[in-house]
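Trainee: quick one: sequence and predicted model below, then my questions.
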2 protein chains.
Amino acid sequence: MPRPRLADVAAAAGCSTASVSLVLRGEPGPSEATRDRVLAAAEQLGYRPDRAASLLARRRSGMLGVVTDVRSTFHAELVEELLDASARRGFDLLIGARSPARDEERAVETLIDSRCEALLLLGTSGPAERLVALDGQVPVVAVSGRAGGVDGVRVDDERGTREATEHLLALGHRDVVHVDGGAGEIAADRCRGYVAAMTAAGLAPRVLRGGHGEADGAAAAADLGGATAVTVFNDRAAVGLLDALVRAGVRVPADVSVAGFDDSPLARLAHVDLTTVSQDVPALVANALDLVVARLDGVRAERREVVLAPRLVVRGTTSAPP
Amino acid sequence: MPRPRLADVAAAAGCSTASVSLVLRGEPGPSEATRDRVLAAAEQLGYRPDRAASLLARRRSGMLGVVTDVRSTFHAELVEELLDASARRGFDLLIGARSPARDEERAVETLIDSRCEALLLLGTSGPAERLVALDGQVPVVAVSGRAGGVDGVRVDDERGTREATEHLLALGHRDVVHVDGGAGEIAADRCRGYVAAMTAAGLAPRVLRGGHGEADGAAAAADLGGATAVTVFNDRAAVGLLDALVRAGVRVPADVSVAGFDDSPLARLAHVDLTTVSQDVPALVANALDLVVARLDGVRAERREVVLAPRLVVRGTTSAPP
DNA sequence: TTGTAAGCGTTATCAT
DNA sequence: ATGATAACGCTTACAA
């Protein structure tokens, strides 16, 4: 017994496929009597509409594509919130996972080929021209990543690290270094915030090469020199750094203070208890969906960027210098 | 300029849609000359095949659906490996995320409607009858979860906790408790392993109600009583427990030893440094894909379950009792 | 209110 | 080797 089709339901209900289609989608038209018969027949046959066929026949798919970094717990938080928020707006979510071995472009292709109506790129660092080209095909919203030429929602990254740095300076630190996030606009922004705070305090900034992952943070531990405090690109790298410091017998925050960025679940663990910069996930998501819906409804053509305020969360990894 | 279709490419290349289709899919038939013209035309028009249409016309979709718990870093590891391994076998992956607010059944629906050829359920705890019913529609493989009536790949969970418990007993602990994973077959298995080890040692087992998340583990901290060692359902709950203990001023492992399960990235952090039971992710994934492919090729009808050996990883959270 | 039929963009069959 | 043309399963005017 092959998967039942619309025609099978129509036959069983004794009406046309058109009526069945209308009933199943809750469209007005069919009478109460046919409604009942159709519903009963569909139920009895275990009918499930074929999305591929539906997509083909319809203009809209009702699906949103999300590209995430599988490894990021911060992205996992965003996805969890998106799952909820998009369902409330009647959209279904398709997740395109990217990993070191499968870059954003490939994930995007799968999503586009699956007819997603819009794309939400989490933490993208793609070059502006690629994003703009993509945006030509389908509305693109960069979430928590510097949007080069496309719609975007993000917290003020520069201000975030600036405040984190100022927090360390206020504690009395003078030799504060920054472990950056490698290439990418967000990394540059966060680095800029650090530099701004240091310069404003009349101190010389020192930036170490880092990255997005634990390993990147850990690698930077060796180059800290005499620094008494560190601001790190994100929580993951900060945890890596913390990790390396602990292994090396360095006490945190007694010897070195560390501040991260994201306020990921990781940072909240009592073991880690990381001072960090919080991004308001529900607000990020709500704004992103607003942008998507606005574009989809054709209300707006010009590019828009929403910048939310970061919030410094002081925890146990920062204290006065030794 | 609407999205170019196959017909547009055909027109530009001066041949039929059939030829274009063959060329684009690399099927033999068309001559070298038409090949070149078609490829050039497609490239020039920026043509991308429409998956929905392709799915409709084809029997197979080449897509595998994966249902994961967004919050689980262990699942993230599995997905990362799956991304690679399935691509190597020519399959594309569609991720259906489940969260507290969106259960497995809903994720499965989306995946099936998207025409996935087979489903990989990560850490499912669904009732056997539902899985079997699902398996009637599309091949289902339960990965790292007790498969009730469907194909499955998992490590020997019972043996895992049994070995962890034996490790604690060998260290000299007598009062060892287990924080279980709530309902579900895997939780029951792991609990059984603990009970077996305790019973074999002539000790009375004591099981505390737990769950899959950090909060569940943390909640169990209050009920430890005089126990000097704990085996926990998984690493996440173990980290939550660790967390609560640290906050309460209990030293680990000096006062209490803790062992987890999964060997998730979390466990490997120096801050956590959790003794745990490792599941061989690449092997889990490779076997799961083997099962899927075998079913898809119609080679096999009977149900098969692959059980891999767990591996105890002793780290810093376990030591002799105080 | 209900049914008929023309797409939607590919793939696959079957002539040519 | 190539080109019509019929599926594929659903949506949606348009008729009845």
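Mentor: Right, received. Where do you want to start?
Trainee: residues near residue A:33, how many?
Mentor: Applying other C-beta atoms under 10 Å in any protein chain shown, we find 9 residues neighbouring residue A:33. Bear in mind the C-beta positions are built from the backbone N, C-alpha and C, glycine included.
Trainee: how close does it sit to DNA strand C?
Mentor: Relative to DNA strand C, residue A:33 is positioned 6 Å away (C-beta to the nearest atom of the strand, to the nearest Å).
Trainee: got the domain ranges for chain A?
Mentor: With automatic domain parsing as the criterion, the domains of chain A are listed as A:6-49, A:57-155+A:281-308, A:157-279.
Trainee: need the ones you listed in JSON lines with distance to residue B:298 and mean pLDDT, can you?
Mentor: Below are these laid out as JSON lines (distance: least, C-beta to C-beta, whole Å; pLDDT from 0 to 100):
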{"stretch": "domain A:6-49", "distance to residue B:298": "23", "mean pLDDT": "90"}
{"stretch": "domain A:57-155+A:281-308", "distance to residue B:298": "26", "mean pLDDT": "87"}
{"stretch": "domain A:157-279", "distance to residue B:298": "42", "mean pLDDT": "93"}
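Trainee: ok, and which of the ones you listed has the densest surroundings?
Mentor: Comparing those on average neighbours per residue, with mean count of other C-beta atoms under 10 Å in any protein chain shown, the densest one is domain A:157-279 at a mean of 21.
Trainee: what's the end-to-end length of that one?
Mentor: Domain A:157-279 has its terminal residues 9 Å apart, counting by C-alpha to C-alpha, to the nearest Å.
Trainee: ok so, going back, can you put the domains of chain A in JSON lines and add distance to residue B:179?
Mentor: Listed next are the domains of chain A as JSON lines, based on distance: least, C-beta to C-beta, whole Å:
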{"stretch": "domain A:6-49", "distance to residue B:179": "40"}
{"stretch": "domain A:57-155+A:281-308", "distance to residue B:179": "22"}
{"stretch": "domain A:157-279", "distance to residue B:179": "17"}
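Trainee: looking at those domains, spot the one closest to residue B:303.
Mentor: Proximity to residue B:303, assessed across those by C-beta to C-beta, is greatest for domain A:6-49 (21.9 Å).
Trainee: how far does the closest one sit from the chain's center?
Mentor: 40 Å (C-alpha atoms, centre = their mean, to the nearest Å).
Trainee: and stretch A:152-169, by the same measure?
Mentor: Relative to the mean C-alpha coordinate of its chain, stretch A:152-169 is positioned 18 Å out (C-alpha atoms, centre = their mean).
Trainee: do stretch A:254-261 as well
Mentor: From the chain centre to the centre of stretch A:254-261 is a distance of 25 Å (C-alpha atoms, centre = their mean).
Trainee: residue B:121: which of the domains of chain A is closest?
Mentor: With distances scored as C-beta to C-beta, the stretch of the domains of chain A nearest to residue B:121 is domain A:57-155+A:281-308 (15.6 Å).
Trainee: so what's the closest residue to DNA strand D within the stretch 101-250 of chain A closest to, chain neighbours aside?
Mentor: Closest approach of the stretch 101-250 of chain A to DNA strand D (C-beta to the nearest atom of the strand) occurs at residue A:115, with a separation of 12.5 Å. The spatially closest residue to residue A:115, leaving aside those adjacent along the chain, is residue A:61, at 4.3 Å (C-beta to C-beta, 6 or more residues apart in numbering or on different chains).
Trainee: which residues sit in contact with the one you found?
Mentor: Applying C-beta atoms under 8 Å, 6 or more residues apart in numbering or on different chains, one finds that residue A:61 lies in contact with A:55, A:114, A:115, A:116, A:117, B:52.
Trainee: in helices only, show me those residues.
Mentor: Filtering these for membership in helices, criterion DSSP state H, returns A:55, B:52.
Trainee: do a quick rundown of the helices in the stretch 1-150 of chain A.
Mentor: Along the stretch 1-150 of chain A, counting by DSSP state H, counting those that start in this stretch, helices occupy A:6-13, A:17-24, A:32-45, A:51-57, A:73-88, A:104-113, A:128-137.
Trainee: one more: the stretch 201-322 of chain A?
Mentor: Under the criterion DSSP H, counting those that start in this stretch, helices of the stretch 201-322 of chain A are mapped to A:214-220, A:235-247, A:265-268, A:281-296.
Trainee: so which of those helices comes closest to chain B?
Mentor: Taking C-beta to the nearest C-beta as the measure, the helices of the stretch 201-322 of chain A were each checked against chain B, and helix A:235-247 came out nearest at 4.2 Å.
Trainee: what segments of the stretch 51-200 of chain A are strands?
Mentor: Residue ranges of the strands in the stretch 51-200 of chain A, as given by DSSP state E, counting those that start in this stretch, are A:63-69, A:92-98, A:118-122, A:140-143, A:151-155, A:176-179.
Trainee: no further queries at this time; thank you.
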